[in-house]
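Enquirer: Need a 3D model of the following:
(chains A and B)
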Number of protein chains: 2
Amino acid sequence: MKQKHIDEIIKVLMNDDYNALQEIIHHEHPADILEALIDRSDAHDLLDKLPSELVAEVLDEADEEYQYELLKQFSTQKQKEIINLMSSDEIADLIEELEDNQKADMFNLLNEESREDVEKLLKYDGESAGGIMTTEFLAIFEDKTIKSSLKYIRNAEDVETSFYIYVIDRNYRLTGVVSLRDIVTSELDTKIAEIVNRNVKYVYYNEDQEEVSHTFEKYGFMVMPVVDDELKLIGIITVDDILEVMVDETTEDIHHLAGINKEEKVDGSLFASIKSRLPWLCVNLITASVSSSIINMFSATIAQIVALSAVMTIITGMGGNAGTQSLTLIVRGLSLGDIDRKNARHIILKEMGVGLFIGLIIGCFVSLLCYRYEQDILLGVLAGIAMCLNMVCAVTAGCVVPLLLEKLKVDPALASGVFVTGVSDCLGFTLFLGLVTLALPYLV
Amino acid sequence: MKQKHIDEIIKVLMNDDYNALQEIIHHEHPADILEALIDRSDAHDLLDKLPSELVAEVLDEADEEYQYELLKQFSTQKQKEIINLMSSDEIADLIEELEDNQKADMFNLLNEESREDVEKLLKYDGESAGGIMTTEFLAIFEDKTIKSSLKYIRNAEDVETSFYIYVIDRNYRLTGVVSLRDIVTSELDTKIAEIVNRNVKYVYYNEDQEEVSHTFEKYGFMVMPVVDDELKLIGIITVDDILEVMVDETTEDIHHLAGINKEEKVDGSLFASIKSRLPWLCVNLITASVSSSIINMFSATIAQIVALSAVMTIITGMGGNAGTQSLTLIVRGLSLGDIDRKNARHIILKEMGVGLFIGLIIGCFVSLLCYRYEQDILLGVLAGIAMCLNMVCAVTAGCVVPLLLEKLKVDPALASGVFVTGVSDCLGFTLFLGLVTLALPYLV
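Expert: As a prediction, this is how the structure comes out:
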């Protein structure tokens, strides 16, 4: 949003021009109002000038932290008004984030209806279909007529309206879907049952959110119904929630691959950043000291051929990079659902092939480099062999490690990187320095 | 999709049971049919049993490569039927991917209408709003009545129907939006102009697709109208296209961060993988040989204190990891739109702070490690100082490099990694070995 637009909103909220304020209330998108207010110390005072309905909509757009911080600044009465106007899935997400005592406060603000919805939602795992669905949706009984359905749609309020309306039987079991267009284009006395499309796709409440987002992506749906074990319709998921899921899941992967917490924000606090990164660097420090002590073991050899210390870092560094390439490809492939039991074996074999070919090519270069430092052909050959072997091992590790972690239901992006570079370092140093030590009599 | 479901579809398509086939035709989702047929040598023969409408829908779901491969196997007549039933944006994307001579073939298959649409779409950059929009949409003139609008909606065919219908004036300029619900709930003789919401959000045809996806995410829209410079409505973008954009953009980031081509597929060919990764490893090889020649420069020093070779790899390795952490955070922040001119300076300063703190902590550990190898306090101190300085530089580079590249309109994920680790290696070796060489008289 343009800075100019932000300034306008702020200006209107600051001086109390009634008409300008009405403009904002009726025509500004809550997300824009939030963007204008965010990080302002007077955010609450400005929001206070808006009707509770709009404040609730603005809060719906904010993240849990900020929702709570803002809400707390209102009078208890106003807090009650606002929170009960927020959408139940937002309230549930908020409450999930809070400390137990804060949770209690929140619940006391809720009215009967909201409380029921929220308690229902809190029963579901936050990362499952039940956790991201909303309970405000339209559903019509299949024995109703178009006429009464239209009446129902007219009167329906604060529901996530969409182009599709789900059809249920008298046991609230999902039996089909009708598009608003079908309803509009049918005679008033037609029964819904006559125009319903029974081939409706749905997800179960306990399906993982990543699975659900794959389904949305595959079918290009805008909305999907969520059912319980008896196929009862319990909620809907709209694609805008899926957009958020995808952003979160990929951010998590990207961050984990680099060894930082999924939650770290670019504009977070210094302390938060340190807390997010230091643990990983400490793990790295351990693997690094292991490989360094391997080098130390071979200090006698290095003492005789100092050039080794220059060459060995290339061998380990290149191995690490190649391993990370394959690791990244696999991790991304896993979260895109491109890898399954069928093609896993084939992929591992291919990666080993890639490692071998690239290893041979890079190995030749390393041989030459090594020969440049120490005019000794045998040493060059040994360096090349070590490079090639290390490359194969690193790439294989980069491909096998995430697949194993996935099998063990551990996030494959997590810790794989440390492990793969660790392997390539330790192996690289051992292979190269070991080979040289064995061949030492023929070298010096 | 379950294997069982796939087998069912295949079975029906193989033996010609009319009723079962009708089941498939009317109730299977094209995406499911595609998933069942993909990678089958007899895909064309099986598809050939389905009506052209359905084949077109199946092809709409496939990627360009496969679309062309399948299409080519049909008779020219059938090809004509199918392609003209596909959605214009899919055809445009397909043609964009083809060789020039193939492009011509395709165009000859198109009928007047499709050709016009496709030619329009091809004028736009494939990664801009115009490139991902579809030209099949509903729009009504604001001077129409509800009654005639309903009639129009009834008769509208093969349009990406949605809950919202855009309103235009007689110059086809976008003037607002009405929801199908508003139409349904108004009197038949009401003019659209009376119920239109004039505060409609839109994107310009030349906006970058990543920008557009941010807008969708911010407002949680299902559909957005695309306008030209005169605000004429030229197309719509539906959120399912945005899901694809987000997947592509993030895959590109993740792959580039690891130095592989954005297009590389886990199940791609061995040759394709090598082609995708080797160039990056060669660049790495160059930086690696630079840093190794730095080591070689100091071989005299290392010859006197062999333990240096064990310690220096820790200093460079840790620096590289810390640099990559900050690099990844920044790159992700940039593509999420979390970083702008306002907070960039603050972020850089924070990252330097993080580097300093972490550097001090890790520096102490490295000092101890160094002391363990070579009982010399001064050497330990020097190692600690080098570690800390290198950490600060690496983290700063990890944060400044992507920001610079973004300013230069280069993909910040691209090449940043190589550069950051390169910096940390060269600096790390120079700092540590340099300091030690200076202090050598006091060490040995």
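
Enquirer: In contact with the closest residue to residue A:264 other than its chain neighbours, which residues?
Expert: Leaving aside its sequence neighbours, residue A:264 sits nearest to residue A:276 (C-beta to C-beta, 6 or more residues apart in numbering or on different chains; 4.1 Å). Where you see a C-beta, it was placed from the backbone N, CA and C, and this is true even at glycine. Taking C-beta atoms under 8 Å, 6 or more residues apart in numbering or on different chains, we find residue A:276 in contact with A:260-261, A:263-264, A:268.

Enquirer: ok, now residue A:68?
Expert: By C-beta under 8 Å, 6+ apart, residue A:68 lies in contact with A:94, A:97-98, A:102.

Enquirer: and if you look at residue A:245?
Expert: With C-beta under 8 Å, 6+ apart, residue A:245 has these contacts: A:132, A:209-210, A:212-213.

Enquirer: mind listing which of these are in strands?
Expert: Judged by DSSP state E, those include no members of strands.

Enquirer: If we only consider these, which is nearest to residue B:305?
Expert: residue A:210 (51.7 Å; C-beta to C-beta).

Enquirer: From what I see, that closest one and residue A:336 are in contact.
Expert: No. Counting by C-beta atoms under 8 Å, residue A:210 does not reach residue A:336; the two are 9.9 Å apart.

Enquirer: burial measure for the closest residue in space to residue A:72 that isn't next to it in sequence, as a count.
Expert: Using C-beta to C-beta, 6+ apart and skipping residues adjacent in sequence, the residue nearest residue A:72 is residue A:79, 7.7 Å away. Number of residues near residue A:79 (other C-beta atoms under 10 Å in any protein chain shown) recorded here: 18.

Enquirer: hang on, residue A:79 packs against residue A:70?
Expert: No. At 10.1 Å, residue A:79 does not count as touching residue A:70 under the criterion of C-beta under 8 Å.

Enquirer: Point out where the stretch 301-444 of chain A drops to low pLDDT.
Expert: A:444 (pLDDT under 70).

Enquirer: and what of the stretch 1-150 of chain A?
Expert: Judged against pLDDT under 70, the stretch 1-150 of chain A has no low-scoring part.

Enquirer: Name the residue of it that lies nearest to chain B.
Expert: Of all residues in the stretch 1-150 of chain A, residue A:27 sits closest to chain B, at 4.2 Å by C-beta to the nearest C-beta.

Enquirer: Spatially, what comes nearest to that residue if we skip its sequence neighbours?
Expert: In space, residue A:27 is closest to residue B:199, 4.2 Å off (C-beta to C-beta, 6+ apart).

Enquirer: from what I can see the one you found touches residue A:25, true?
Expert: No. If you go by C-beta under 8 Å, residue B:199 and residue A:25 don't touch, sitting 11.6 Å apart.

Enquirer: More neighbours: these two, which one.
Expert: Between residue B:199 and residue A:25, counted using other C-beta under 10 Å, residue A:25 has the larger neighbour count: 15 against 12.

Enquirer: give the contact list for that one.
Expert: Contact partners of residue A:25, counting by C-beta under 8 Å, 6+ apart, are A:50-51, A:54.

Enquirer: could you dump these to JSON lines with secondary structure, neighbour count and distance to chain B?
Expert: Output for the contacts of residue A:25, formatted as JSON lines (DSSP: H, G, I helix; E, B strand; the rest coil; neighbours: other C-beta atoms under 10 Å in any protein chain shown; distance: C-beta to the nearest C-beta, whole Å):
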{"residue": "A:50", "secondary structure": "coil", "neighbour count": "19", "distance to chain B": "16"}
{"residue": "A:51", "secondary structure": "coil", "neighbour count": "12", "distance to chain B": "17"}
{"residue": "A:54", "secondary structure": "helix", "neighbour count": "19", "distance to chain B": "14"}
